[in-house]
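Asks: Predicted model, plus sequence, below.
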Amino acid sequence: MKPLALFGGTFDPVHLGHLSVAWEASELLDAEVRLMPANVPPHRNAPAASPAQRVAMLTAALQGQDRLTLDTRELRREGPSYTIDTLRELRAELGERPLVLLLGADAFAGLPSWQSWRELFEHAHIGVLSRPGIDAAWSVDLALEILPRRVTDAALLHELPAGKMIELAVTPLEISATRIRELLAEGRDPRYLLPCGLFDDPAVLDPYRNATL
Ligand SMILES: Nc1ncnc2c1ncn2[C@@H]1O[C@H](COP(=O)(O)OP(=O)(O)OP(=O)(O)O)[C@@H](O)[C@H]1O
Ligand SMILES: O=C(O)c1ccc[n+]([C@@H]2O[C@H](COP(=O)([O-])O)[C@@H](O)[C@H]2O)c1
């Protein structure tokens with residue numbers, strides 16, 4: 001069965017790195033991919049843009065195609081947006097349909113600090129997206145949990161609802177939201193690091209202009 005893949009993030013703002021790796025993951029996994037903004041990202045400072053502003057940017061970014069869609073379920077939940085809560089909810093909705101949680105290599109390296117992280121595999125597979133500049137070294141905890149779960153054939157993820165891990169070698173794009181926020185705060189214009197839909201409304205990037213970082 002075709003998997004549903006979830007790509008969670010702060011998206012403060014969404015950039016071409018996010019879109020490109022999500023698009024390639026959808027091709028490599030033959031999966032529907034949903035971008036899912038976190039309301040209160042658990043392990044970082046509050047985003048500069050509000051949930052409504054981040055949704056407006058994501059909506060603009062996703063125009064003109066239907067392979068990548070938006071899932072706003074975490075924005076309806078108060079408190080830290082723990083991924084385990086989202087996966088429990090989705091698993092109850094999906095029955096046996098395969099679910100893949102997509103994580104950049106940096107987020108994946110920090111997985112053992114996530115809420116109930118081992119339980120994530122009861123509800124989903126994990127797809128790890130390569131990211132430039134991120135060392136592939138895993139902590140012992142992570143390696144012990146992951147190595148028995150690792151597969152290289154994406155077709156296996158269509159046959160089981162959850163429990164496997166796959167590494168997805170995507171085109172390296174050294175773009176981060178941090179760098180984009182820095183450029184905008186300096187009064188610069190990171191036009192070609194961002195999806196062109198974000199320039200339809202000049203006010204959409206205001207949360208980052210003249211900001212104190
Ligand atoms: N260029 C990229 N290549 C691969 N994965 C990425 C890239 N940018 C972001 N990701 C992944 O996208 C997910 C959401 O990331 P997030 O919204 O925090 O973006 P970010 O660019 O890492 O932001 P920030 O610089 O604010 O931390 C994470 O799993 C992250 O690892
Ligand atoms: O569940 C957790 O404990 C947890 C801890 C850190 C990050 N996450 C999720 O990981 C995704 C990427 O987070 P971030 O901070 O890199 O944007 C986003 O969906 C977060 O909600 C989840």
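Replies: Looks like it arrived, so ask away. Note that the structure is a prediction, hence the values are computed from the model and not measured. Ligands and ions are numbered 1, 2, ... in the order given.

Asks: Make sure Asp106 is actually in contact with Ile134.
Replies: Yes - using C-beta atoms under 8 Å, Asp106 is in contact with Ile134, at 4.9 Å. Where C-beta positions appear, they are placed from N, C-alpha and C, glycine not excepted.

Asks: got a list of what Ala48 touches?
Replies: For Ala48, the contact set (C-beta atoms under 8 Å, 6 or more residues apart in numbering) comprises 12, 181, 207-208, 211.

Asks: How far off centre is the one helix or strand Arg54 maps to?
Replies: Here Arg54, judged by DSSP states H and E, is contained in helix 51-61. The chain centre lies 15 Å from the centre of helix 51-61; the measure is C-alpha atoms, centre = their mean, to the nearest Å.

Asks: Kindly report the same for stretch 189-207.
Replies: 20 Å.

Asks: With only the CA atoms kept, save that stretch in CSV.
Replies: Provided in CSV are the C-alpha atoms of stretch 189-207 (Å, rounded to 0.1, in the frame of the first residue of the first chain):
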residue,chain,number,x,y,z
ASP,A,189,17.2,39.4,0.0
PRO,A,190,17.6,35.5,0.0
ARG,A,191,15.4,35.4,-3.1
TYR,A,192,16.8,32.2,-4.6
LEU,A,193,16.9,30.2,-1.4
LEU,A,194,13.1,30.5,-1.0
PRO,A,195,10.2,29.4,-3.1
CYS,A,196,9.1,32.1,-5.5
GLY,A,197,5.5,32.0,-4.1
LEU,A,198,6.8,33.7,-1.0
PHE,A,199,7.5,36.9,-3.0
ASP,A,200,3.8,37.3,-4.2
ASP,A,201,3.0,39.1,-1.0
PRO,A,202,5.9,41.3,0.1
ALA,A,203,4.7,41.3,3.8
VAL,A,204,5.0,37.6,4.2
LEU,A,205,8.7,37.9,5.2
ASP,A,206,8.2,40.8,7.6
PRO,A,207,8.6,38.7,10.8
